[in-house]
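> The following comprises the amino acid sequence and a computationally predicted model.
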Amino acid sequence: MTTIDPAELADRVADGDLRIHELEEEADHETAAQARRLLVERETDADLEAVADYTFDAEEADSAIENMIGAAQVPMGVAGPVPVDGGAAEGDYYLPLATTEGALLASVNRGLSTIRSVGGATARVTKNGMTRAPVFRVDGVAEASETIEWVADNVDRLREAAESTTSHGELLDVEPYVVGDSVYLRFAYDTKDAMGMNMATIATGEACELVEAETPASLVALSGNLCSDKKPAAINAVEGRGRSVTADVLVPGDVVEERLHTTPEAIAEANTRKNLTGSAKAGSLGFNAHAANVVAAAFLATGQDEAQVVEAANAITTMDARTNEDGTTDLYASVSLASLEVGTVGGGTKLPTQAEALEILGLRGGGDPAGSNADALAEVIAVGALAGELSLLAALSSRHLASAHEDLGR
Ligand SMILES: CC(C)(COP(=O)([O-])OP(=O)([O-])OC[C@H]1O[C@@H](n2cnc3c(N)ncnc32)[C@H](O)[C@@H]1OP(=O)([O-])[O-])[C@@H](O)C(=O)NCCC(=O)NCCSC(=O)C[C@@](C)(O)CC(=O)[O-]
Ligand SMILES: NC(=O)C1=CN([C@@H]2O[C@H](COP(=O)(O)OP(=O)(O)OC[C@H]3O[C@@H](n4cnc5c(N)ncnc54)[C@H](OP(=O)(O)O)[C@@H]3O)[C@@H](O)[C@H]2O)C=CC1
């Protein structure tokens with residue numbers, strides 16, 4: 001492509017000769033972004049010097065962004081290392097986290113160092129299935145019933161149709177729901193190392209054609225919100241979405257006192273009154289202190305879809321003081337994330353800083369077997385969330401929360 005003056009391109013957009021999203025058709029991606037910045041700078045009081053100062057090739061971001069003007073840079077830190085005994089994760093991991101909340105890395109690091117001092121945490125993915133739930137129109141419950149009976153009898157044909165669009169994805173299940181004259185089919189896929197939302201959507205689109213051809217149902221929307229993507233929803237908390245993953249650890253009382261400045265009993269009481277009773281009274285979907293902090297920071301660092309933090313952070317934290325025969329007390333701590341949607345291939349994971357963050361974890365790209373890298377990522381994030389819960393509950397129990405944020409967060 002010939003070199004074009006970005007100011008000239010900006011003029012053409014300002015004059016209405018060119019639409020702002022067509023700039024890449026006239027110039028290379030860097031020049032197009034520069035032209036857009038000039039335009040925005042002219043039309044607003046903004047100085048976009050920092051937004052312009054990014055290190056990746058703009059063309060590499062083509063599948064991740066439209067109307068690119070530059071990059072939003074979020075500081076990235078690292079917590080750990082922490083030993084993880086997982087179904088897929090095995091060994092010591094540093095957890096990269098991108099955030100602007102002072103004290104968060106310190107807190108997660110404290111939790112992880114506590115976990116490290118007792119030999120590490122255990123983590124397992126207990127369920128895996130990325131969902132897409134189209135909604136169909138029928139003329140009433142009789143047709144709805146006919147449709148879901150057909151679906152039950154034809155899961156193999158639906159699988160064949162769906163899997164014709166992907167070499168990695170596998171259809172696991174199709175769960176029907178009926179509301180009046182609407183039929184929802186919740187398709188669940190093993191998307192291996194991909195988070196899988198594009199994969200599941202494309203595969204479900206193909207399966208829907210078969211449903212429409214063979215039943216009275218007519219597709220209204222490929223996503224009918226029972227999926228449920230990027231909205232707080234009980235269905236994800238109950239049925240799971242992406243990876244359902246649990247991490248736990250047993251911390252002896254003397255370690256709780258030495259490293260977290262409190263006792264197992266105090267942490268357990270804070271967890272019950274705050275995370276369980278307080279959350280119940282609030283009508284909360286999540287019963288945890290700040291799983292979203294770790295999930296969001298890990299998502300930003302490793303190129304996950306940040307909007308899925310809505311359901312990915314849906315977690316229940318349990319903390320129990322367990323008394324031993326010798327009268328000492330241990331703290332049993334667990335975090336269960338019901339719907340953690342993560343991938344190590346596809347989406348934002350391909351971008352350079354995000355790919356490097358996955359390299360820190362040793363989990364960049366496809367795993368062997370396929371799916372094992374995304375499983376391991378889910379397990380490490382769950383251990384990170386567990387560390388965050390331990391440290392914050394300890395800070396609350398020992399009344400250190402405000403002082404911690406005075407020291408580190410302002
Ligand atoms: C700040 C601490 C960790 C101090 O805690 P401390 O015990 O006084 O720290 P320490 O200096 O004794 O160090 C203990 C360990 O903490 C780590 N650590 C300590 N300092 C650093 C640092 N600068 N950088 C990195 N790591 C640090 C490090 O691992 C260190 O061990 P070492 O490696 O030295 O053996 C503690 O008071 C704490 O964790 N407070 C809680 C803060 C927190 O969790 N904030 C989260 C955000 S709160 C929020 O967003 C949600 C909320 C609260 O609204 C949700 C709700 O409603 O509950
Ligand atoms: N379409 C939608 O409705 C939504 C899309 N998104 C976006 O979707 C993107 C994520 O979708 P996703 O499908 O994960 O990613 P991609 O669309 O980037 O597709 C990833 C592809 O990688 C291939 N692949 C290669 N190796 C592996 C492996 N080991 N395991 C699995 N797949 C592998 C697969 O190809 P193949 O299938 O040919 O085997 C897979 O389809 C994000 O950008 C997200 O923001 C988010 C929410 C909704």
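The structure has been received and is ready for your questions. Ligands and ions are numbered 1, 2, ... in the order given.

> Can you name the residues of this structure that neighbour ligand 2?
Counting by CB under 6 Å from any ligand atom, the chain comes close to ligand 2 at 166-169, 191-199, 201, 229, 305, 343, 345-348, 366, 370. For the C-beta atoms, the positions are set from N, CA and C on the backbone; glycine is no exception.

> From the residues you listed, list the buried ones, please.
The neighbour-count criterion (16 or more other CB atoms under 10 Å) marks 166, 168-169, 191-197, 199, 201, 229, 305, 343, 345-348, 366, 370 among those as buried.

> Can you pull up the residues of the chain that come close to ligand 1?
103-107, 109-110, 113, 261, 289-290, 293, 391-392, 395, 400-401, 404, 408.

> So which of the residues you listed are in helices?
104-107, 109-110, 113, 293, 391-392, 395, 401, 404, 408 (DSSP state H).

> tell me the two of those residues that are most distant?
S113 and L401 (18.5 Å; CB to CB).

> At which residues are the strands of the chain located?
Under the criterion DSSP state E, the chain contains strands at 76-86, 90-98, 121-132, 135-137, 170-179, 182-190, 218-221, 242-252, 315-323, 329-340.

> quick one, which of those strands is packed in tightest?
Comparing the strands of the chain by mean neighbour count (mean count of other CB atoms under 10 Å), strand 329-340 ranks first with a mean of 25.

> in its sheet, what does that strand sit against?
Partner strands for strand 329-340, per DSSP bridges, with pairing direction: strand 242-252 (antiparallel), strand 315-323 (antiparallel).

> Could you dump these into CSV and include mean pLDDT?
Putting those into CSV (pLDDT from 0 to 100) gives the following:
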stretch, mean pLDDT
strand 242-252, 98
strand 315-323, 98
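
> Could you export those strands to TSV, including columns for distance to V78?
Output for the strands paired with strand 329-340, formatted as TSV (distance: least, CB to CB, whole Å):
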stretch	distance to V78
strand 242-252	18
strand 315-323	22
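
> Would you tell me which of the ones you listed gets closest to T147?
That would be strand 242-252 among these, by CB to CB, at 27.0 Å.

> out of the residues of the chain next to ligand 2, which are inside helices?
Checked against DSSP H, the residues of the chain next to ligand 2 include these in helices: 197-199, 201.

> and which of these is nearest ligand 1?
M197 (27.1 Å; CB to the nearest ligand atom).

> these two touch, right, the closest one and E341?
Yes - under the criterion of CB atoms under 8 Å, M197 makes contact with E341 at 7.4 Å.

> Can you work out which residues contact both of the two?
130, 305 (CB atoms under 8 Å, 6 or more residues apart in numbering).

> my guess is G253 meets L260, correct?
No - using CB under 8 Å, G253 and L260 do not qualify as a contacting pair, with a distance of 10.4 Å.

> Spell out which residues make up each domain of this structure.
22-73, 76-127+242-408, 134-221 (automatic domain parsing).

> out of the ones you listed, deepest packed?
domain 76-127+242-408 (a mean of 21).

> before we move on, the earlier item: quick one, which of the strands of the chain is nearest to T44?
That would be strand 90-98 among the strands of the chain, by CB to CB, at 26.4 Å.

> now the angle from that closest one to strand 76-86?
Interaxial angle, strand 90-98 versus strand 76-86 (axes from the mean of the first three to the mean of the last three CA atoms, to 10 degrees): 150 degrees.

> Which neighbouring elements make contact with strand 90-98?
Applying 3 or more CB pairs under 8 Å, 6 or more residues apart in numbering; DSSP states H and E, we find strand 90-98 packed against strand 76-86, helix 104-117, helix 291-302, helix 352-361, helix 372-397.

> Strand partners (parallel or antiparallel) of it?
Next to strand 90-98 in the sheet, as set by DSSP bridges, lie strand 76-86 (antiparallel).

> how big is the angle separating the partner strand from helix 372-397?
Using the same axes, to 10 degrees: strand 76-86 against helix 372-397 is 110 degrees.

> Just name the shakiest helix or strand of this protein by mean pLDDT.
Least confident helix or strand, the chain: helix 401-408 with a mean of 75, by mean pLDDT, DSSP states H and E.

> counting contacts, what elements does it pack onto?
helix 104-117, helix 372-397.

> What mean pLDDT does the longest one get?
Helix 372-397 carries an average pLDDT of 98.

> and the angle from that helix to helix 291-302?
140 degrees.

> Which pLDDT does the model give the closest residue in space to N154 that isn't next to it in sequence?
Among residues not flanking N154 along the chain, E214 sits closest, at 7.2 Å (CB to CB, 6 or more residues apart in numbering). As predicted, E214 sits at a pLDDT of 98.

> check contacts around the closest residue to Y94 other than its chain neighbours.
Nearest residue to Y94, sequence neighbours excluded (CB to CB, 6+ apart): G80, at 4.4 Å. G80 makes contact with 92-95, 109, 112, 116 under the criterion CB under 8 Å, 6+ apart.

> Just flag the most distant two among those.
D92 and N109 (14.1 Å).

> OK, contacts around W150?
Counted by CB under 8 Å, 6+ apart, W150 has contacts 211, 214-215.

> rerun at 10 Å
For W150, the contacting residues are 157-158, 176, 210-211, 214-217, by CB atoms under 10 Å, 6 or more residues apart in numbering.

> does E160 really touch E170, like I thought?
No - counting by CB atoms under 10 Å, E160 stays clear of E170, with 11.6 Å between them.

> surely T353 meets E60?
No - the criterion here is CB under 10 Å, and T353 misses it with E60 at 11.0 Å.

> Same list, the strands of the chain, but as CSV with distance to E269 please.
What follows is the strands of the chain, written out as CSV (distance: least, CB to CB, whole Å):
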stretch, distance to E269
strand 76-86, 26
strand 90-98, 28
strand 121-132, 22
strand 135-137, 45
strand 170-179, 39
strand 182-190, 38
strand 218-221, 46
strand 242-252, 16
strand 315-323, 9
strand 329-340, 11
